[in-house]
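**Q** I'd like to go over a predicted model; first the sequence, then the structure.
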Amino acid sequence: MESAHERVRRVLVVGPTPPPIGGDTVTTRALLESPWWGELGLEPLHLQTSRGDRLRGAAEPIGARDLLRGARLLVAAIGMIPRSRAVCLWTNSRFLCTIGLPIMAAARLLRRPVVVKPFGGHLTEYLRGLRPLHRRVTTVMLRTAALILPQTRAMTEELARECGIPGERIVCLPNFVSGAIARRVPGDRRFTGRCVFVGQIKREKGVFDIIEALSGSERLSCDLYGPVLDRDRGEFFDALAERPNVRYRGIAEPEQVRGIVGSYELLLLPTYHVGEGYPGAILEAFAAGVPVVASRWKSIPELVCDGERGVLVPVRDPAALRASLEMLEREPALYRRMCGNVGPYVEAFTERAVIRDMFLVRVRGLVEGKGGCS
């Protein structure tokens, strides 16, 4: 008979938690803190991969300190795998295609099933940019995973097609929200120009497009929340100094985001960030009953149905962004309809629906021997 200790199956989660605050780190922390682990007889064992407070640009090269840190993480992972029933790589594309490969190999050697959860929607593009041998090794290792969980429908289809991953091993696992969802929208709700941005403050997130779009307006305003990338800090604050209707409000703690967004009328996200998947800020806005104006970029149209849950604008087009805001001012019925649509839609992205029913139920099946490495 199994003891109580033996009935708790540990799952090694390799991934980053804050700091810094970002979609990757916040999502990982929410996963680790989810109450559904215990209900399903599982327990997370975490290997921290965050680099600390400093935000890192996507194109920043790998240095000697990164290699040393990678070696330490690999040693730590090899020591933790035997204490786990399964290994989950909850990581970005670069980590997955570097340190993630020997971790997957060690798990396979120790006959532990591997679950790969790549952040965002960038993995297939990243694979295409690798050298041929590196790409082939990575593709072979991905095929050995028991389960791959891309964040978007588009990347799920691309990975299955380009890497030859069997359909039963690849499932779209979207981003998720926790807590109660706003369902009631006041019948007289109007858009009066009060907008908000929540995310990392960097050029690729469209913050300078927001500043330009709102320049000179007496009615439109936007408050921006998030950590500022050092590369863009000087230019960002110089631009704000000339536009009093666009203000920086500091860093919003993850548990504050929904309340903050819910106190505004519209979320702005004209992003062209290369790693964008299903942005958590959009789902938090929907959960707060707030529609979105976002760029027609990567898989964002999978979330923001144009004219139904928000408005889609071309990438790097401040004039189109400004025009969409002015349109919502003129068309209150359209704005109210979008407000009413977002709450019911986001119910499919709750923590129970995504983490419990889609992720942990499958992981429990793996640790109970209902799936594994090929």
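**A** Sure thing, it's come through.
**Q** State the distance from the closest residue in space to L220 that isn't next to it in sequence to S93.
**A** Among residues not flanking L220 along the chain, G193 sits closest, at 4.3 Å (Cβ to Cβ, 6 or more residues apart in numbering). In this view, the C-beta of every residue, glycine as well, is placed from N, C-alpha and C. In this view, G193 and S93 are 38 Å apart by Cβ to Cβ, to the nearest Å.
**Q** Would you mind telling me which of the two has more residues around it?
**A** Using other Cβ atoms under 10 Å, the more surrounded residue of G193 and S93 is S93, with 24 against 19.
**Q** so A287 touches V257, yeah?
**A** No: counting by Cβ atoms under 8 Å, A287 does not reach V257; the two are 9.6 Å apart.
**Q** Which neighbouring elements make contact with the longest helix seen in the chain?
**A** Looking across the chain with DSSP state H, the single longest helix is helix 64-80. Helix 64-80 sits against strand 9-15, strand 42-48, helix 100-109, with contacts defined as 3 or more Cβ pairs under 8 Å, 6 or more residues apart in numbering; DSSP states H and E.
**Q** Report the contact partners of I210.
**A** Applying Cβ atoms under 8 Å, 6 or more residues apart in numbering to I210 gives the contacts C195, F197, C222, L224, V246, L268, P270, P318, L321.
**Q** Is it in a helix, a strand, or coil?
**A** What DSSP: H, G, I helix; E, B strand; the rest coil gives for I210 is helix.
**Q** Can you give me the distance of it to Y225?
**A** According to Cβ to Cβ, I210 and Y225 sit 12 Å apart.
**Q** same question, T138
**A** Note on T138: its distance to Y225, by Cβ to Cβ, is 36 Å.
**Q** related to what we said a few turns ago, what's the overlap in contacts for I210 and Y225?
**A** Common contacts of I210 and Y225 (Cβ under 8 Å, 6+ apart): F197.
**Q** Where does pLDDT dip in the stretch 151-300 of the chain?
**A** Applying pLDDT under 70 to the stretch 151-300 of the chain flags the ranges 184-187.
**Q** What ranges does it have for its strands?
**A** If DSSP state E, counting those that start in this stretch is used as the criterion, the strands of the stretch 151-300 of the chain fall at 194-198, 221-225, 246-248, 266-269, 292-295.
**Q** and the last one, how far from the chain's centre?
**A** Which is strand 292-295. Relative to the chain's own centre, strand 292-295 is displaced by 16 Å; criterion: Cα atoms, centre = their mean, to the nearest Å.
**Q** so who does V26 touch?
**A** With contact taken as Cβ under 8 Å, 6+ apart, V26 is in contact with P18, P254, G280.
**Q** same thing but 6 Å
**A** Going by Cβ atoms under 6 Å, 6 or more residues apart in numbering, V26 touches P254.
**Q** Could you do S50 as well?
**A** Contact partners of S50, counting by Cβ under 6 Å, 6+ apart, are P16, T17, T25.
**Q** Of those residues, which is the most crowded?
**A** Counting neighbours by other Cβ under 10 Å, P16 comes out on top of these with 25 neighbours.
**Q** Helix, strand, or coil at the closest residue to that one other than its chain neighbours?
**A** Excluding the flanking residues, the one nearest P16 by Cβ to Cβ, 6+ apart is S50, at 3.6 Å. What three-state DSSP gives for S50 is coil.
**Q** S50 and G307: what is the separation?
**A** 39 Å.
**Q** swap in P166?
**A** Distance, P166 to G307, using Cβ to Cβ: 37 Å.
**Q** same thing with V198?
**A** Computed as Cβ to Cβ, the V198 to G307 distance reads 23 Å.
**Q** Have a look at those two and say which one is more surrounded.
**A** Neighbour totals were compared for V198 and G307, and V198 leads with 28 against 12 (other Cβ under 10 Å).
**Q** and K117, that one's in a strand?
**A** Yes: per three-state DSSP, K117 lies within a strand segment.
**Q** Number of residues surrounding it?
**A** 22.
**Q** That one pairs with what?
**A** For K117, the beta-bridge partners are W90 (DSSP bridges).
**Q** Looking at per-residue confidence, what score does it get?
**A** K117 is assigned 97 on the pLDDT scale.
**Q** which ones are touching L147?
**A** Each residue near L147 by Cβ under 6 Å, 6+ apart is listed here: V115, R169.
**Q** Begin at 4 from now on, thanks
**A** With 4 as the first residue, the last one maps to L150.
**Q** and it, backbone torsions?
**A** Main-chain torsions, L150, degrees, to the nearest 10: phi -160, psi 140.
**Q** Can you tell me how far it is from I184?
**A** In terms of Cβ to Cβ, L150 sits 28 Å off from I184.
**Q** Then E207?
**A** Look at E207 and I184: by Cβ to Cβ, they are 29 Å apart.
**Q** Check I285 too.
**A** Distance of I285 to I184, given as Cβ to Cβ: 14 Å.
**Q** residues contacting H276?
**A** E207, K208.
**Q** meant to ask about L145, not that
**A** Going by Cβ under 6 Å, 6+ apart, L145 touches C166.
**Q** Wait, a helix at it?
**A** Yes: under three-state DSSP, L145 falls within a helix.
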